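Undergrad: here you go, sequence then predicted model.
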Amino acid sequence: MTETAGVLTVLTVGQVARQFGVTVRTLHHYDEIGLLRPSERTSAGYRLYTEADVTRLQNVVVYRRLGLPLDAIADLLTDGTALVDHLRRQRATVMSRLDEMHHLVTAIDRALEREMNGVNLSKAEQRELFGDGFSDEYAEEARERWGDTAAWQQSRARTSRYTKADWEQIKEESDAVNAAFVAAMDAGLPATSPQAMDAAERARLQIHERFYDLTPEFHRHLGDMYVTDPRFTATYEDIRPGLARYVRDAIHANADRQVDKA
């Protein structure tokens, strides 16, 4: 609605229809039943809607979206007190539905998580394989942090097919990699030694083959997490004090080695 030279500009049927996403036929029907009669007409008899008409139509559109019949809408627009009371009741109804929808969304999310969490094991089996470090809280945090990444989606697609036997094999592989790190560390070899770097490369290839594509450079960032995230650090420190830093340094050394080979 605009104003030109102090004169309020009215809207045609077509303009109102486009503005509110209704059909011209609907507006004609509202006029015929007296629900919304345009206040003005052109000299040729065409309907023209004033600002007050448009405001009334806004209310009609809202009530129709709430599922009210046209006769009830007409009554509400006529009785201001009834309108306020109805709006309050309608708001309470909508809020109740919102609560129901929130509960439904939560239930759906949990069902999806069960189907797509990529670990087809019971909670007891998960802890049997992965130890007490496994937790629903940590899994949820991981999903929130990386759930939109290509690596996460690739990992979900692969692991969703794994059986308990597959996970047992993966656990054995992880234990063997950790044992190789410990052996190199206990032998007094630096993290830059071939033995330590070979263990780091085995760790990278396990992730690359079992979960998602992992470049040496990306592996370098994972290694940093082993010393910056206390939970990752604890996983290695529980095996051998100082192992988290040793693994991180070996991963960096191996990444540098892979770059040199390229």
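TA: Good, I have the coordinates. Numbers count the residues shown, from 1 in each chain.
Undergrad: flag every buried residue along stretch 11-23.
TA: Neighbour-count burial for stretch 11-23 flags 11, 13, 16-17, 22 (criterion: 16 or more other CB atoms under 10 Å). Heads up, the C-betas are built off the backbone N, CA and C, glycines and all.
Undergrad: would you agree Asn178 is in contact with Glu237?
TA: No. Using CB atoms under 8 Å, Asn178 is not in contact with Glu237, being 12.0 Å away.
Undergrad: hey, where'd the strands end up in the stretch 1-150 of the chain?
TA: With DSSP state E, counting those that start in this stretch, the ranges of strands along the stretch 1-150 of the chain come out as 3-4, 7-8, 11-12, 40-41, 47-49.
Undergrad: and Thr42, what pLDDT?
TA: On the pLDDT scale, Thr42 is placed at 89.
Undergrad: start the count at 59 instead of 1 going forward.
TA: Renumbered: residue one is now 59, and that last one reads Thr100.
Undergrad: and it, how many residues sit next to it?
TA: 10 (other CB atoms under 10 Å).
Undergrad: check contacts around the residue lying closest to it once chain neighbours are set aside.
TA: Of all residues not flanking Thr100 in the chain, Leu106 sits nearest, at 6.2 Å (CB to CB, 6 or more residues apart in numbering). By CB atoms under 8 Å, 6 or more residues apart in numbering, Leu106 lies in contact with 68-70, 96-100.
Undergrad: need the phi and psi values for the residue lying farthest from the centre of the chain.
TA: In the chain, the residue that sits farthest from the middle, by CA atoms, centre = their mean, is Ser101; the gap is 56.2 Å. Here is the backbone geometry of Ser101 (degrees, to the nearest 10): phi -60, psi -20.
Undergrad: okay, now the domains of the chain?
TA: Using automatic domain parsing, the domain ranges for the chain come out as 61-128, 137-174, 176-319.
Undergrad: and among the ones you listed, the most buried is which?
TA: Neighbour counts (mean count of other CB atoms under 10 Å) averaged over each of the domains of the chain peak at domain 176-319, with a mean of 16.
Undergrad: quick one: mean pLDDT over that one.
TA: Rounded mean pLDDT across domain 176-319 is 82.
Undergrad: now that domain: how far from the chain's centre is it?
TA: How far domain 176-319 lies from its chain's middle: 25 Å, per CA atoms, centre = their mean, to the nearest Å.
Undergrad: cool, stretch 89-99 as well?
TA: 46 Å.
Undergrad: what's that stretch in contact with?
TA: Applying CB under 8 Å, 6+ apart, the contact partners of stretch 89-99 are 68, 71, 85, 88, 105-108, 110-111, 114-115, 118, 128, 131-132, 135.
Undergrad: if we use 7 Å, what do you get?
TA: Applying CB atoms under 7 Å, 6 or more residues apart in numbering, the external contacts of stretch 89-99 come out as 68, 88, 105-108, 110-111, 114-115, 118, 128, 131-132.
Undergrad: dump the residues you listed into JSON lines; add distance to Arg149 and pLDDT as well.
TA: Listed next are the contacts of stretch 89-99 as JSON lines, based on distance: CB to CB, whole Å; pLDDT from 0 to 100:
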{"residue": "Val68", "distance to Arg149": "32", "pLDDT": "90"}
{"residue": "Tyr88", "distance to Arg149": "25", "pLDDT": "93"}
{"residue": "Arg105", "distance to Arg149": "33", "pLDDT": "91"}
{"residue": "Leu106", "distance to Arg149": "34", "pLDDT": "93"}
{"residue": "Tyr107", "distance to Arg149": "28", "pLDDT": "94"}
{"residue": "Thr108", "distance to Arg149": "29", "pLDDT": "93"}
{"residue": "Ala110", "distance to Arg149": "25", "pLDDT": "91"}
{"residue": "Asp111", "distance to Arg149": "25", "pLDDT": "92"}
{"residue": "Arg114", "distance to Arg149": "20", "pLDDT": "91"}
{"residue": "Leu115", "distance to Arg149": "21", "pLDDT": "92"}
{"residue": "Val118", "distance to Arg149": "18", "pLDDT": "90"}
{"residue": "Leu128", "distance to Arg149": "21", "pLDDT": "90"}
{"residue": "Ile131", "distance to Arg149": "16", "pLDDT": "87"}
{"residue": "Ala132", "distance to Arg149": "21", "pLDDT": "88"}
